[in-house]
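Enquirer: here is a sequence with its predicted model. Questions after.
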Amino acid sequence: MKPSIPAAATDLAERLRAEIVPELTGFRANNVAMGSAMIDMIAEEFDRAAARLFEENEAVRALLRRGGLAADAPTKPDLRVSALEAENDRLRAALIDLQAALETRDDDDARALDADVWRELTRSVERRRIASANF
């Protein structure tokens, strides 16, 4: 049997909700219910994290290239989430520098690129949205 982390986490969360929470009261019931919801979120993020980060890194690289900054992807990318997150942090730091440079310019190209940067940042927030979160 090949274990599926999202399926196992979802099953654990459901068991906590169905079997444990009803046996508890007050603060303990609330803590276990919250833990169950967090496990659901972890399952969702585990399944999509690498794809989300890869997509976002490519989008930010394209913006940086448009701004004249070197942003080549590694020839053999490391697809571990930790490596993709580190690359995302590096690219976002460069994006901040690009935005600061764009703010000093007063031309149509700079305004258009700045608007595209903000659109990508908005899409980035949407990519991170947790479907099961109620906040």
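Expert: Ah, there it is.

Enquirer: what residue of the chain is the furthest out?
Expert: Here the chain has its C-alpha centre computed as a mean, and the residue farthest from that point, by C-alpha atoms, centre = their mean, is Glu23 with 34.9 Å.

Enquirer: how close does that one get to Ile5?
Expert: The gap separating Glu23 from Ile5 is 26 Å, by C-beta to C-beta, to the nearest Å. Bear in mind the C-beta positions are built from the backbone N, C-alpha and C, glycine included.

Enquirer: what does Leu64 give?
Expert: Distance from Leu64 to Ile5, by C-beta to C-beta: 33 Å.

Enquirer: that older thread, quickly note the distance from the residue farthest from the centre of the chain to Glu103.
Expert: In this view, Glu23 and Glu103 are 57 Å apart by C-beta to C-beta.

Enquirer: Glu126 too?
Expert: 24 Å.

Enquirer: pull out the buried positions in stretch 102-115.
Expert: Residues of stretch 102-115 classed as buried by neighbour count (16 or more other C-beta atoms under 10 Å): Leu102, Leu113, Asp114.

Enquirer: quick check: mean pLDDT of the helix or strand hosting the first one?
Expert: Take DSSP states H and E as the rule and Leu102 turns out to sit in helix 81-103. On average, the pLDDT along helix 81-103 is 96.

Enquirer: just give the number of residues close to Ala100.
Expert: Burial of Ala100, expressed as a neighbour count using other C-beta atoms under 10 Å, amounts to 9.

Enquirer: can you list phi and psi of Ala73 for me?
Expert: The phi and psi torsions at Ala73 (degrees, to the nearest 10) take the values phi -80, psi 150.

Enquirer: name all residues that make contact with it.
Expert: If you count contacts by C-beta atoms under 8 Å, 6 or more residues apart in numbering, Ala73 has them with Asn57, Glu58, Arg61.

Enquirer: now the helix of greatest length in the chain: mean pLDDT?
Expert: Ordering each helix of the chain by length in residues (DSSP state H) puts helix 26-66 first. Per-residue pLDDT over helix 26-66 has a mean of 95.
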